[in-house]
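Novice: starting from these lines, generate the structure:
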Amino acid sequence: MAGTLYLVATPIGNLDDMPPRVAKTFEAADFIAAEDTRVTLKLLNHLGLKKPMVSYYEHALHHGDAILARIEAGEDCALCSDAGMPCISDPGAVLVKDALDRGIRVVPVPGASACITALAVSGQDTSRFVFEGFLPVPKKERRARLEALQGEQRTILFYEAPHKLRGTLDDLAAALGEDRSVTLCRELTKLHEEIVKTTLGEAVAYYRANDPRGEYVLVVAGAQPGQSADDAPLTKEDVVAAARALLHSGTPPSAAAKQAAAGTPFSRGEIYKELIADRDGGDARPDNE
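Specialist: Residues are numbered from 1 along each chain as shown. Reported below is the predicted structural model:
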């Protein structure tokens, strides 16, 4: 019989947050697929365990077939990232998709998650939110993503590394407005944990004078209904531009139109018409979705 792929959440900083089930799963697994074997080795040493490990990270996705072949042969694998739940802004998502496609049993072993921890403590609206992870690095893709988020009314969560934080804050302030509320969560659960609720403009000014340190989760307030970043009412052109940006990032036309039109005076159908007219040169009608 085939084995099982376990998705094992690890502490995001404080080892006292280790759930007992995590330790038991590591102990029972035949081998561990780790984002960084050196980081996971420290965790195993803390637990007093010794286990064979293989690397599985962004530039080692080719190891996936070998990992899945071992599971199909009957071994149990514990997949983990350096911190938090694997597969969230993490290449483990590829392994899970391939495992499910091959009929392999996948079992989550939940624990700490930086984005949910930050959202809970942010003081922002937690009733509806969208997780964006890391913004794209290429300027064109980054601009398109930010344009698509200008009318987003849900709370928005981003991850960012310290050496990129200043540039990201500059881009967010330019796209969403300097007055937009943001909570910066730094080094969550660690010794130097810091949680600051401010505005994007104030955050830009602060980090011009102070060096960013540690890993960040940015929790940004959503746009007010019917308003864009500059507090002017959204026009149809604004909504179509947001839908085009979603389309260019891979969202299907109908879904792009629906998402962009949400919370605006414009219907999904009329935005969809504009998208299809771009592609077909006119004479397009919305689908029946």
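Novice: now do stretch 134-153: distance to the chain's middle.
Specialist: 13 Å (C-alpha atoms, centre = their mean, to the nearest Å).
Novice: ok, now stretch 156-173?
Specialist: Centroid separation for stretch 156-173 versus its chain: 13 Å, with C-alpha atoms, centre = their mean.
Novice: contacting residues around it?
Specialist: 89, 114-115, 118-119, 129-135, 142, 146, 149, 180, 182, 200-201, 203-204, 207-208, 211-220, 222 (C-beta atoms under 8 Å, 6 or more residues apart in numbering). Bear in mind the C-beta positions are built from the backbone N, C-alpha and C, glycine included.
Novice: again, but for stretch 208-220
Specialist: For stretch 208-220, the external contacting residues (C-beta under 8 Å, 6+ apart) are 114-115, 117-119, 122, 124, 155-163, 165-166, 168-169, 172, 176, 180-188, 190, 192, 200.
Novice: okay, buried residues for it please.
Specialist: Residues 212, 214-220 are the ones in stretch 208-220 that count as buried (16 or more other C-beta atoms under 10 Å).
Novice: out of these, who's nearest residue 12?
Specialist: Using C-beta to C-beta, residue 215 comes nearest to residue 12 of those, at 9.0 Å.
Novice: residue 196 touches residue 183, doesn't it?
Specialist: Yes: Residue 196 lies in contact with residue 183 (C-beta atoms under 8 Å); the separation is 6.9 Å.
Novice: so those two - more neighbours on which side?
Specialist: With neighbours defined as other C-beta atoms under 10 Å, residue 196 and residue 183 compare such that residue 183 has more, 22 against 12.
Novice: who's in contact with that one?
Specialist: Here residue 183 is in contact with 118, 121-124, 195-198, 218-219 (criterion: C-beta under 8 Å, 6+ apart).
Novice: can you select the buried ones from these in PyMOL?
Specialist: Restricted to buried positions by 16+ other C-beta under 10 Å, the PyMOL selection for those reads:
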select buried, resi 118+121+122+124+195+218+219
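Novice: which ones among the contacts of residue 183 lie within strands?
Specialist: The strands, defined by DSSP state E, take in 195-198, 218-219 from the contacts of residue 183.
Novice: run a quick neighbour tally on residue 132.
Specialist: Around residue 132 sit 19 other residues, with neighbours defined as other C-beta under 10 Å.
Novice: let me see the backbone angles for it.
Specialist: phi -100, psi -20 (degrees, to the nearest 10).
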